[in-house]
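> I'd like to go over a predicted model; first the sequence, then the structure.
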Amino acid sequence: MADDEDKPKKHTLDSLFHVYCNHKVIGNELENEEFHSILLSQLDNWLQQAKLMPVPITRTQTGLLYMRYKKWRLDYEDFLEVLQHLSTDADLNYEDFKVTLVAAGPPTGATEIVVVK
(Lines give C-alpha, C1' and ligand atoms only; values in the text may rest on other atoms or scores of the structure.)
Protein backbone atom coordinates (compact mmCIF):
# COMPACT_ATOMS: atom_id res chain seq x y z
CA MET A 1 0.00 0.00 0.00
CA ALA A 2 2.93 2.34 0.53
CA ASP A 3 3.49 2.33 -3.24
CA ASP A 4 0.05 3.89 -3.74
CA GLU A 5 0.96 6.78 -1.45
CA ASP A 6 4.14 7.50 -3.45
CA LYS A 7 2.35 7.76 -6.78
CA PRO A 8 1.33 11.26 -7.83
CA LYS A 9 -2.41 11.79 -7.54
CA LYS A 10 -4.35 12.52 -10.70
CA HIS A 11 -6.55 15.53 -11.01
CA THR A 12 -10.31 15.24 -11.19
CA LEU A 13 -12.75 17.73 -12.65
CA ASP A 14 -13.49 18.91 -9.12
CA SER A 15 -9.82 19.39 -8.17
CA LEU A 16 -9.07 21.23 -11.42
CA PHE A 17 -12.12 23.43 -10.86
CA HIS A 18 -10.57 24.50 -7.56
CA VAL A 19 -7.21 25.21 -9.26
CA TYR A 20 -8.81 27.33 -11.98
CA CYS A 21 -10.96 29.20 -9.43
CA ASN A 22 -7.79 30.45 -7.80
CA HIS A 23 -5.72 31.07 -10.95
CA LYS A 24 -5.09 34.66 -12.07
CA VAL A 25 -7.24 36.20 -9.39
CA ILE A 26 -8.03 39.88 -9.95
CA GLY A 27 -5.54 42.11 -8.15
CA ASN A 28 -8.05 44.05 -6.06
CA GLU A 29 -9.29 40.87 -4.38
CA LEU A 30 -7.69 39.70 -1.16
CA GLU A 31 -4.43 37.89 -1.81
CA ASN A 32 -4.92 35.26 0.86
CA GLU A 33 -8.52 34.50 0.01
CA GLU A 34 -9.29 31.08 -1.41
CA PHE A 35 -12.08 30.88 -3.96
CA HIS A 36 -14.54 28.03 -4.49
CA SER A 37 -16.24 29.53 -7.53
CA ILE A 38 -15.05 30.32 -11.03
CA LEU A 39 -14.94 33.50 -13.09
CA LEU A 40 -15.89 33.62 -16.76
CA SER A 41 -12.29 34.49 -17.71
CA GLN A 42 -11.01 31.46 -15.77
CA LEU A 43 -13.46 29.14 -17.54
CA ASP A 44 -12.48 30.62 -20.90
CA ASN A 45 -8.79 30.04 -20.09
CA TRP A 46 -9.55 26.42 -19.21
CA LEU A 47 -11.51 25.86 -22.43
CA GLN A 48 -8.72 27.46 -24.42
CA GLN A 49 -6.10 25.25 -22.77
CA ALA A 50 -8.27 22.21 -23.58
CA LYS A 51 -8.28 23.38 -27.22
CA LEU A 52 -12.07 23.73 -27.18
CA MET A 53 -11.99 27.47 -27.80
CA PRO A 54 -12.53 29.21 -30.21
CA VAL A 55 -13.82 26.09 -31.97
CA PRO A 56 -16.24 24.43 -31.15
CA ILE A 57 -16.99 26.80 -28.22
CA THR A 58 -16.77 30.59 -28.45
CA ARG A 59 -16.34 33.33 -25.86
CA THR A 60 -19.74 34.64 -26.92
CA GLN A 61 -21.36 31.32 -25.96
CA THR A 62 -19.70 31.24 -22.55
CA GLY A 63 -20.48 34.92 -21.94
CA LEU A 64 -24.17 34.51 -22.77
CA LEU A 65 -24.43 31.46 -20.50
CA TYR A 66 -22.73 33.32 -17.65
CA MET A 67 -25.15 36.23 -17.99
CA ARG A 68 -28.05 33.86 -17.28
CA TYR A 69 -26.76 33.27 -13.75
CA LYS A 70 -26.54 36.98 -12.87
CA LYS A 71 -23.56 36.54 -10.57
CA TRP A 72 -19.87 37.26 -10.74
CA ARG A 73 -18.62 33.75 -9.92
CA LEU A 74 -20.21 30.35 -10.45
CA ASP A 75 -20.05 27.55 -7.88
CA TYR A 76 -19.33 23.96 -8.89
CA GLU A 77 -22.98 22.99 -9.44
CA ASP A 78 -23.56 26.02 -11.71
CA PHE A 79 -20.30 25.23 -13.49
CA LEU A 80 -21.54 21.69 -14.25
CA GLU A 81 -24.78 23.16 -15.64
CA VAL A 82 -22.75 25.48 -17.88
CA LEU A 83 -20.74 22.50 -19.13
CA GLN A 84 -23.97 20.65 -19.89
CA HIS A 85 -25.29 23.62 -21.90
CA LEU A 86 -21.99 24.06 -23.74
CA SER A 87 -21.78 20.38 -24.64
CA THR A 88 -25.33 20.46 -26.00
CA ASP A 89 -24.76 23.70 -27.94
CA ALA A 90 -21.46 22.47 -29.41
CA ASP A 91 -22.83 18.95 -30.08
CA LEU A 92 -20.24 17.33 -27.79
CA ASN A 93 -20.70 14.27 -25.62
CA TYR A 94 -20.98 15.60 -22.04
CA GLU A 95 -18.80 12.89 -20.47
CA ASP A 96 -16.14 13.22 -23.19
CA PHE A 97 -16.23 17.00 -22.71
CA LYS A 98 -15.46 16.60 -18.99
CA VAL A 99 -12.65 14.12 -19.77
CA THR A 100 -11.13 16.64 -22.20
CA LEU A 101 -11.16 19.34 -19.51
CA VAL A 102 -9.44 17.01 -17.03
CA ALA A 103 -6.87 16.02 -19.67
CA ALA A 104 -6.04 19.72 -20.21
CA GLY A 105 -4.57 19.75 -16.70
CA PRO A 106 -3.84 22.73 -14.49
CA PRO A 107 -3.41 26.20 -16.00
CA THR A 108 -0.22 26.73 -17.98
CA GLY A 109 2.15 28.81 -15.95
CA ALA A 110 0.39 28.06 -12.66
CA THR A 111 2.87 28.24 -9.82
CA GLU A 112 0.68 27.36 -6.86
CA ILE A 113 0.95 23.90 -5.37
CA VAL A 114 -2.37 22.12 -5.04
CA VAL A 115 -2.88 19.04 -2.92
CA VAL A 116 -5.06 16.55 -4.76
CA LYS A 117 -6.89 14.16 -2.46
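Arrived safely, thanks for sending.
> Isn't L47 up against V55?
No. Using C-beta atoms under 8 Å, L47 makes no contact with V55, being 10.7 Å away. (Glycine included, C-beta is placed from N, CA and C.)
> These two: who's more crowded?
The neighbour comparison of L47 against V55 (other C-beta atoms under 10 Å) goes to L47, with 24 against 8.
> which residues does the closest residue to N93 other than its chain neighbours contact?
In this structure, N93 finds its nearest non-sequential neighbour in S87, 6.9 Å apart by C-beta to C-beta, 6 or more residues apart in numbering. By C-beta atoms under 8 Å, 6 or more residues apart in numbering, S87 lies in contact with 93-94, 97.
> And P107, by the same measure?
Contacts of P107 (C-beta under 8 Å, 6+ apart): 19-20, 23-24, 45-46, 49.
> Now the most centrally placed residue in the chain. Its backbone dihedrals?
With distances taken as C-alpha atoms, centre = their mean, F17 lies nearest the centre of the chain, 4.3 Å away. Main-chain dihedrals, F17, degrees, to the nearest 10: phi -60, psi -50.
> does H23 sit in a helix, a strand or a coil?
The assignment at H23 comes out as coil when based on DSSP: H, G, I helix; E, B strand; the rest coil.
> With adjacent residues omitted, what lies nearest to it?
With C-beta to C-beta, 6+ apart, the residue lying closest to H23 is P107, at 4.5 Å.
> Am I right that the one you found is in a helix?
No. Checked against three-state DSSP, P107 lies outside a helix; its state is coil.
> those helices in the protein, which residues are they?
Using DSSP state H, the helices of the chain run over residues 2-6, 13-21, 40-49, 59-69, 76-89, 94-104.
> how about those in JSON lines, adding mean pLDDT?
Output for the helices of the chain, formatted as JSON lines (pLDDT from 0 to 100):
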{"stretch": "helix 2-6", "mean pLDDT": "53"}
{"stretch": "helix 13-21", "mean pLDDT": "94"}
{"stretch": "helix 40-49", "mean pLDDT": "94"}
{"stretch": "helix 59-69", "mean pLDDT": "95"}
{"stretch": "helix 76-89", "mean pLDDT": "96"}
{"stretch": "helix 94-104", "mean pLDDT": "96"}
